[in-house]
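>>> Below: sequence and its predicted model.
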Amino acid sequence: DIEQHFVGQLLLPHAERLDKATHPQEELPRILYEENDRMIKKIVKKACKEVAGNGKIALLGGIQINTPQGEPDQFVPMNFELLNNKGDVIDRFEKAFKGDVEIDC
């Protein structure tokens with residue numbers, strides 16, 4: 001289907017990275033996150049001026065981990081930024097992220 005094709009096109013430039021990854025099942029969601037983050041930021045950059053007055057834009061991005069039935073799903077936050085309506089980052093909220101995030105598959 002079209003969604004599968006789109007995801008495949010996003011992953012093609014990262015084929016070598018996936019191939020060399022020690023844990024490709026962990027690297028794959030990171031790559032997809034990075035590509036989605038890039039697309040969202042591109043959209044926000046073009047549309048941010050539509051936010052009126054001193055309005056702000058909050059971007060929270062991460063990886064959703066679906067678990068087996070009966071176990072709670074997990075969300076791994078990877079990015080939390082506050083931007084002004086010019087697209088400038090006001091705060092990255094680094095204190096919210098302590099160290100590297102590990103994804104166990």
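Arrived safely, thanks for sending. Numbering: from 1, shown residues only.
>>> Contacts for the longest helix along the chain, please.
In the chain, taking DSSP state H as the definition, the longest helix is helix 24-47. For helix 24-47, contacts defined as Cβ atoms under 8 Å, 6 or more residues apart in numbering pick out 7, 10-11, 14, 17-18, 21, 57, 59, 61-63, 65, 78-79, 83, 87, 103-105. To be clear about C-beta, it is placed using only N, CA and C from the backbone, and glycine gets the same treatment.
>>> what's the span of stretch 79-90, first residue to last?
With Cα to Cα, to the nearest Å as the measure, the first residue of stretch 79-90 is 14 Å from its last.
>>> Just give me how far that stretch sits from the chain centre.
The chain centroid and the centroid of stretch 79-90 are separated by 15 Å, computed with Cα atoms, centre = their mean, to the nearest Å.
>>> gap between Asp88 and Lys41?
12 Å (Cβ to Cβ, to the nearest Å).
>>> all helices of this structure, in order?
Using DSSP H, the helices of the chain run over 2-11, 15-20, 24-47.
>>> okay, these, which one's buried deepest?
Mean neighbour count (mean count of other Cβ atoms under 10 Å) peaks for helix 24-47 among those, with a mean of 14.
>>> Check the model's average confidence along that one for me.
Average pLDDT, helix 24-47: 94.
>>> now stretch 91-105
65.
>>> Tabulate the helices of the chain in TSV, adding columns for distance to Arg92.
Formatted as TSV, the helices of the chain follow (distance: least, Cβ to Cβ, whole Å):
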stretch	distance to Arg92
helix 2-11	24
helix 15-20	24
helix 24-47	13
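>>> Nearest to Asp73 among these would be which one?
Minimum separation from Asp73 across those (Cβ to Cβ) falls at helix 24-47, 13.1 Å.
>>> roughly how far is that closest one from the heart of the chain?
Centroid displacement of helix 24-47 relative to its chain, using Cα atoms, centre = their mean, is 5 Å.
>>> what inclination does it have with respect to helix 2-11?
100 degrees (axes from the mean of the first three to the mean of the last three Cα atoms, to 10 degrees).
>>> Count the neighbours of Gly87 for me.
Neighbour count of Gly87, defined by other Cβ atoms under 10 Å: 15.
>>> Isn't it up against Cys48?
Yes: counting by Cβ atoms under 8 Å, Cys48 is a contact partner of Gly87 at 4.4 Å.
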